[in-house]
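J.: Could you look at this predicted model? Sequence included:
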Amino acid sequence: MDLELFKKQATEKRDELTAFLQRLDDIVPEDIHTVVDEVNSTVWKDVDCTTCANCCKTMTPIYTQQDVTRIATHLRMSPKAFREKWLVKEEDTGDWVNRNLPCQFLVNNMCTIYEVRPADCAEFPHHDKKPFDLYNDTYIQNVYRCPATFLMVSRLKDRVEAEYEW
Ligand code: SF4
Ligand code: SF4
């Protein structure tokens, strides 16, 4: 994955894709989930996360209490020691997030706690969330961060504009 090229392409198309997603907030085609699922399945034929890991390098997951307990147990630490070593509590939201970026568990573009990773990581990039338009703000942020989301939204835009009157 050429992340510099991705950032260049995402910068060029960001406003266009943001406008599309904002319009999708007002006008949601009835079969949007079918279309999204079809588009999304094409994306993963062209994107290999192990050559990217941009999410783990540039964003932090939110750790739930269950995440902390599960991962700390896996690492044979207490939840308190785990938090003190790796996490910080955000002042405005109270969320527990990584103290540092890239994520401390990323090694050679691979997650070293993959089986017990935070639910937030397991669900990223949230392309199968429903209703789709509820996640527009997430996609608007992530078209610039995640090559898979960039591709999904770009292809969705092409498809919706070609097939729907809106
Ligand atoms: S989910 Fe997106 S940002 Fe994360 S590794 Fe895959 S393509 Fe890259
Ligand atoms: S826990 Fe794993 S998947 Fe989640 S950000 Fe860290 S390295 Fe990436």
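T.: Happy to help now that I have it. Residues are numbered from 1 along each chain as shown. Ligands and ions are numbered 1, 2, ... in the order given.

J.: what does the chain have sitting close to ligand 2?
T.: 56, 61, 103, 105-106, 111, 113, 117-118, 121 (Cβ under 6 Å from any ligand atom). All C-beta spots, glycine's among them, are computed from the backbone N, C-alpha and C.

J.: Could you tell me which of those are located in helices?
T.: Among the residues of the chain next to ligand 2, the members falling in helices (DSSP state H) are 56, 121.

J.: Drop anything exposed from the residues of the chain next to ligand 2.
T.: Neighbour counting with 16 or more other Cβ atoms under 10 Å marks 56, 61, 103, 105-106, 111, 113, 117-118, 121 as buried within the residues of the chain next to ligand 2.

J.: pLDDT for the residues of the chain next to ligand 2 - can I get that in JSON lines?
T.: Output for these, formatted as JSON lines (pLDDT from 0 to 100):
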{"residue": "Cys56", "pLDDT": "98"}
{"residue": "Pro61", "pLDDT": "97"}
{"residue": "Cys103", "pLDDT": "98"}
{"residue": "Phe105", "pLDDT": "98"}
{"residue": "Leu106", "pLDDT": "98"}
{"residue": "Cys111", "pLDDT": "98"}
{"residue": "Ile113", "pLDDT": "98"}
{"residue": "Arg117", "pLDDT": "98"}
{"residue": "Pro118", "pLDDT": "98"}
{"residue": "Cys121", "pLDDT": "98"}
